[in-house]
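1. dropping a prediction and its sequence here:
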Amino acid sequence: MNETSHERDSMQYAGGDCEHEELDRLADFQIMFDHVLVQIGLNSLNHGFHNDWNTGEKIALVHSELSEFLEADRSKEPEKPDKHCPDFQNRTIELADVVIRVMDMAHHLNLDLSGAIIAKHAFNKTRPFKHGKAY
């Protein structure tokens with residue numbers, strides 16, 4: 001049987017050394033994430049997107065991808081296939097564009113994004129419901 005990541009998540013908490021298994025999975029995540037981050041950064045570099053780097057412009061481009069996701073989600077057909085990657089919904093591809101642009105920035109600026117994600121997630125697990133906010 002080929003289990004999904006959600007099924008493995010459920011099985012993880014059914015028994016066994018949960019903390020050890022979670023640490024192993026986080027290490028695997030970090031290795032794979034960093035590998036993809038480098039590939040994305042190098043592709044962007046090779047396509048000229050690092051020439052005349054301007055961090056403010058890169059942040060604005062992340063905003064534009066989020067806006068494209070919003071427009072796809074608000075459309076009358078939010079689940080329609082993407083025209084370039086038809087195996088995925090357009091809104092999924094727009095969200096992927098957000099992540100790709102963020103990963104490219106992290107690569108260019110030499111930031112440990114995977115480590116920061118793991119650390120921030122660990123911190124967020126200690127926070128109160130809705131972080132003590134109304135929403």
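-> Cool, the structure landed.
2. select the longest helix from this structure.
-> The longest helix of the chain (DSSP state H) is helix 18-46.
3. tell me which other helices or strands whichever helix or strand comes after it touches.
-> Scanning forward in sequence from helix 18-46 by DSSP states H and E, the next helix or strand is helix 55-74. Helix 55-74 sits against helix 90-108, with contacts defined as 3 or more CB pairs under 8 Å, 6 or more residues apart in numbering; DSSP states H and E. Heads up, the C-betas are built off the backbone N, CA and C, glycines and all.
4. distance between the helix it packs on and the chain's centre?
-> 7 Å (CA atoms, centre = their mean, to the nearest Å).
5. and it with helix 55-74, angle?
-> Calculated by axes from the mean of the first three to the mean of the last three CA atoms, to 10 degrees, helix 90-108 forms an angle of 160 degrees with helix 55-74.
6. what lies in contact with helix 90-108?
-> For helix 90-108, contacts defined as CB atoms under 8 Å, 6 or more residues apart in numbering pick out 36-38, 40-42, 44-45, 49-50, 53, 55, 58-59, 61-62, 65-66, 68-69, 72-73, 75, 78-85, 88, 111-113.
7. report the buried members of those residues.
-> Those of these that meet the buried threshold are 37, 40-41, 44, 49, 58, 61-62, 65, 68-69, 72, 82, 113, by 16 or more other CB atoms under 10 Å.
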